[in-house]
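Colleague: Coordinates only, no sequence provided:
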């Protein structure tokens, strides 16, 4: 931790200013300037929804980077124009241990169904699988029939991607009488309710959940022995109240992460996710603390099909339709196959196809569009409704 703070001060003018303002210029391990101490909690939480505006002040990384840009391997961009760096470590985001805990082995053929386009998820799991010596099929998303043919042809026994997409592939292959050879999967990007897990495992696939972000990499993962997510030793995790004060185990609050790496030293980074710490030891014997799992979002910002959706992006899309939309709201629901469905309901004269195209361009999601009478949407109602039930 001391090395990370020193690197942040030396490499980033923004972190130097923030650390000095909190009195963390001389933090020592075990002192009150380390995680949980009074000086540490004086450092404001840097929340994810503000990261884009911070970076915009001095693009691409807003002065938060701990090394020169020339020392990076790749630069990604997440929705909301948030730039994410990749350092040069072989498994920079540390997801290799998740695959190992799920039983992935050297030589295993892995169907990686995360996108490789602009966002880092595809590279995260590609690097993790290669670090274990696995053979990767960079499948991305879409073209399900092609992916089924490829997975069968190469004998893919491992899967990485969204859980809802995994179920879609398994169901489609089974319906065609061509079951997939998949036997194990690591999923992330959206919740894994027990009903969805049961449907996946009914196809003979053991599924384990990982939790992380494009900004800090791996945060937690399932071991398969106990409930909850083991916290990765590459991060320090606090559960905090809205004022940034650390809460004791068992209490629900925001997951606030400090990344123990010097390339991009995010310190007290607020993910916007809600969870709680589990105090009881896990039967697997790992000594790490655990998170209970994903328990909701701090604000209206939410995740749909693995992509963060910001209401302000939808507002900008609607405003760009030249007055053709008088009232609107966005609704997220979960269909019977455990897939997220984004629906835009609007009153106005705009062409529904133009509304669909505007939203797709703004948030990289293809919505359903429904035209409704003006009175169907209350003038003082919320612009965004998350109606998903995770039971």
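Modeller: On my side now, so go ahead. Since the model is a prediction, treat every value here as computed from it, not as a measurement. Residues are numbered from 1 along each chain as shown.
Colleague: And the strands in the stretch 51-200 of the chain, which stretches?
Modeller: Remark: strands assigned in the stretch 51-200 of the chain by DSSP state E, counting those that start in this stretch are 74-78, 82-86, 109-112, 135-138, 158-161, 184-187.
Colleague: Between those strands, which one is closest to residue 305.
Modeller: strand 158-161 (11.2 Å; CB to CB). Using the backbone N, CA and C atoms, a C-beta is placed for each residue, glycine as well.
Colleague: And the closest one, what does it pack against?
Modeller: On a contact count with 3 or more CB pairs under 8 Å, 6 or more residues apart in numbering; DSSP states H and E, strand 158-161 meets strand 109-112, helix 121-131, strand 184-187.
Colleague: Start from the N-terminal end of the stretch 251-391 of the chain and give the helices.
Modeller: 311-319, 352-363 (DSSP state H, counting those that start in this stretch).
Colleague: Kindly present those helices as a markdown table, with separate columns for distance to residue 373 and mean neighbour count.
Modeller: Listed next are those as a markdown table, based on distance: least, CB to CB, whole Å; neighbours: other CB atoms under 10 Å:
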| stretch | distance to residue 373 | mean neighbour count |
| --- | --- | --- |
| helix 311-319 | 18 | 18 |
| helix 352-363 | 15 | 17 |
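Colleague: Mean pLDDT lowest where, among the ones you listed?
Modeller: For the helices of the stretch 251-391 of the chain, mean pLDDT drops lowest on helix 311-319, to a mean of 84.
Colleague: and that helix with helix 352-363, angle?
Modeller: 150 degrees (axes from the mean of the first three to the mean of the last three CA atoms, to 10 degrees).
Colleague: to the chain's geometric centre, what's the distance from helix 311-319?
Modeller: Relative to the chain's own centre, helix 311-319 is displaced by 22 Å; criterion: CA atoms, centre = their mean, to the nearest Å.
Colleague: Check stretch 158-165 too.
Modeller: That offset, for stretch 158-165, works out to 14 Å (CA atoms, centre = their mean).
Colleague: again with stretch 94-105
Modeller: On CA atoms, centre = their mean, the centre of stretch 94-105 falls 18 Å from the chain's centre.
Colleague: Not counting sequence-adjacent ones, nearest residue to residue 90?
Modeller: Excluding the flanking residues, the one nearest residue 90 by CB to CB, 6 or more residues apart in numbering is residue 131, at 5.4 Å.
Colleague: Could you check stretch 112-120 and say which residues are buried?
Modeller: 112, 113, 114, 115, 119, 120 (16 or more other CB atoms under 10 Å).
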